[in-house]
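Colleague: With the sequence up front, the predicted model follows.
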Amino acid sequence: MTEIYSAVEERLTAKVPELLYIDLESGQLEGRTPPPVDFPCALVDVRFNKCEDQSAKVQQCEVTVTVRVAFEAWIDETSSVTPKQWKQKALEKMQLPDKVYCALQGWGMDFFSILSRKSVIPEQRADGLKVYRIEFETTQEDYAE
């Protein structure tokens, strides 16, 4: 689990320099005002959904990697009446989920298979943040030492 997180964090750092903060998801966006992150940020979580024994010490695991991309939203700065230059600046941040997708889709390492995006879901929030939850699936052979 740690290896996958570390690899994803390094990949996002290298390929999406617009992200000012990348961390392991631990509820940073919930319950604290302001959140203890720099925006825009990516919060990464790794979940082993299903593991099947291949032998006594080896399992084949289906893994979900979730990346929450968050940035400060500007109210009314994407509306049809917003001046074009302000609107363009606000819309630039909406490209971040696409950049995360491009950085991770089809990429893998020797210890996990290539990542495949399964969903992008905007979260409904009332705290002035825009958050997209992007889920990727992969598989990993896990060895008990």
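Modeller: That came through fine.

Colleague: For the residue lying farthest from the centre of the chain, give me its contacts.
Modeller: What lies farthest from the middle of the chain is Ala56; by CA atoms, centre = their mean that is 33.1 Å. By CB atoms under 8 Å, 6 or more residues apart in numbering, the contact list for Ala56 is empty. Just so you know, the C-beta spots here come from the backbone N, C-alpha and C atoms, and that holds for glycine as well.

Colleague: mind checking how far it is from Asp142?
Modeller: 13 Å (CB to CB, to the nearest Å).

Colleague: Also Arg133?
Modeller: In terms of CB to CB, Arg133 sits 25 Å off from Asp142.

Colleague: Touching the helix or strand of the chain with the lowest mean pLDDT from outside, list them.
Modeller: Lowest on mean pLDDT, DSSP states H and E among the helices and strands of the chain sits helix 84-92, with a mean of 81. Helix 84-92 is contacted from outside by 74, 77-79, 82, using CB under 8 Å, 6+ apart.

Colleague: So Ile120 sits against Tyr101, correct?
Modeller: Slight slip there: residue 120 is Val, not Ile. Yes. Under the criterion of CB atoms under 8 Å, Val120 makes contact with Tyr101 at 7.4 Å.

Colleague: coming back round to it: if I look at the residue farthest from the centre of the chain, how far off is Ala144?
Modeller: Taken as CB to CB, the span from Ala56 to Ala144 is 8 Å.
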